[in-house]
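# Could you look at this predicted model? Sequence included:
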Amino acid sequence: MAIRPDAPLKFASPLIDEATITGVADVLRSGHITSGPWVETFEKDLSAFCSGRPVRVMTSATAAVEVALQLAGIGPGDEVIACAQTFFTVINMIVKVGATPVFVDCDLVTRNIDLEQVERRIGPRTRAILPTHWPGSLVGMDKLHALAKRSELRVIEDAALVIGSKWKGRNVGAIGDLVTFSFHPNKNITSIEGGALVMNDAAEARRVDVLRFHGIERLPDGTRDVAFPGGKFNLPDVNARIGVAQLARLPGFLARRRALVERYFRNWRADPACVLPPRPELDDGQSWNMFCVLLPLDRITLTRAEFRAALAARGIATGISYEALHLSTLGRRFGYQRGDLPNTERIADTTVTLPLHVAMTDADVDRVCDACAEILAGHRR
Ligand SMILES: Cc1ncc(COP(=O)(O)O)c(C=O)c1O
């Protein structure tokens, strides 16, 4: 159902069709509701999407990142280099496995990790690089993987936001080392909650089967053992049933998201000092999960909170993506302070995420563009 122009415009709104709802009801009636045949199907479909590489689904991308770090054998004494302009999962999971996060800055427009800084921060304790890919522009994969290979480092690509983006014609996940996806409701596809880990070979997949389910190993005599305190991250079939249907609709969802982004670029007429994401180019293979804008706070009399409140008063929901990880209370424990990563901090201080989801109409984009232009023009310094 189309949203009326004056109706509240949500920040995210996944499309679950009637066939999927019926499919979920069938799973519920089947008597097998936790991990089972639909998980196998979802993993098979995701694997095909990733050029046949093994894939395991879990309850979230956060679980997948934790398991990826464990699979890579990363723990106390190890350092993981990551971008500080990303979601809390990145710092949390590095610290949770006992490793030390080493944060570097990002590009102001693409928001992707600065690979020159990564290279400079590689030291004797570095074990992995954990970059987050941003919508609209991927981390430079050739350089990233060449650097990792040269320094014998694992790479865990946080691809939570970019399922469907392509690098030189190949899907993210089809190349590289370890890659994680998120199926949270505000991502490109959803399984309500859920995530996936793409690996290199069957041996890694077998290890992940253990790590995602209590660390339990089945012994030849039919009993079980644990040698590692594994988590409990298996995805139920109910969720996998939704994920299978959503993955089939991914191309359509991506096309709609891209059309909405192109409309944002065409109709954006707010203060030219706003920093927009990289402009989409013809056939660039990029997916668009979010549309984030940096506000020119030095040119207006509003704070970011007041700007967001003015949009909220017009029924338009917004978000912040993301706070600076190195300046979180957890990040500061590792000695970071304001001024360390200028682009990350400028983004954290001035960014606003505008609505972008498949349930939006063209008129919704026009309404957001008009509202942003009017609010900024009405509060010039
Ligand atoms: C960049 C990024 N990485 C990881 C995650 C974690 O995803 P999940 O909610 O599936 O754990 C998120 C969630 O928003 C994210 O934005």
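Ah, there it is.
# and stretch 318-329, how far apart are its ends?
Counting by C-alpha to C-alpha, to the nearest Å, you get 24 Å between the two ends of stretch 318-329.
# now what about that stretch, what contacts it?
By C-beta atoms under 8 Å, 6 or more residues apart in numbering, the surrounding residues in contact with stretch 318-329 are 11, 82, 84-88, 90-91, 101, 103, 290, 292, 304, 308, 311-312, 331-332, 334, 336-338, 340-341, 344-345, 347-348, 351-355. Backbone N, C-alpha and C define where each C-beta goes, glycine included.
# Show the pLDDT at Asp271.
If you check Asp271, the pLDDT there is 89.
# for it, what are its contacts?
Taking C-beta under 8 Å, 6+ apart, we find Asp271 in contact with Pro296, Arg299, Ile300, Leu376, Ala377, Arg380.
# any idea where the helices of the stretch 51-200 of the chain begin and end?
61-71, 89-96, 115-121, 141-150 (DSSP state H, counting those that start in this stretch).
# Tell me which entries of the contacts of Asp271 lie within helices.
Members of the contacts of Asp271 lying in helices (criterion: DSSP state H): Leu376, Ala377.
# from the contacts of Asp271, which two are the most distant?
The largest separation in the contacts of Asp271, counting by C-beta to C-beta, is between Pro296 and Ala377 at 11.9 Å.
# who has more neighbours, those two?
Pro296 (17 against 12; other C-beta atoms under 10 Å).
# List the buried residues of the helix of greatest length in the chain.
As assigned by DSSP H, the longest helix anywhere in the chain is helix 237-267. Of the residues in helix 237-267, those buried by neighbour count under the rule 16 or more other C-beta atoms under 10 Å are 237-247, 249-250, 253-254, 256-258, 260-261, 263-264, 267.
# what's the answer for stretch 349-362, then?
By neighbour count on 16+ other C-beta under 10 Å, the buried set for stretch 349-362 is Asp349, Thr350, Thr351, Val352, Thr353, Leu354, Pro355, Leu356, His357, Val358, Ala359, Met360.
# What is the nearest of these to the ligand?
Thr353 (10.4 Å; C-beta to the nearest ligand atom).
# what's the average pLDDT for the strand or helix carrying that closest one?
Thr353 is located in strand 351-354, with elements delineated by DSSP states H and E. In this model, strand 351-354 carries a mean pLDDT of 98.
# Same question for stretch 87-98.
Mean pLDDT, computed over stretch 87-98, is 98.
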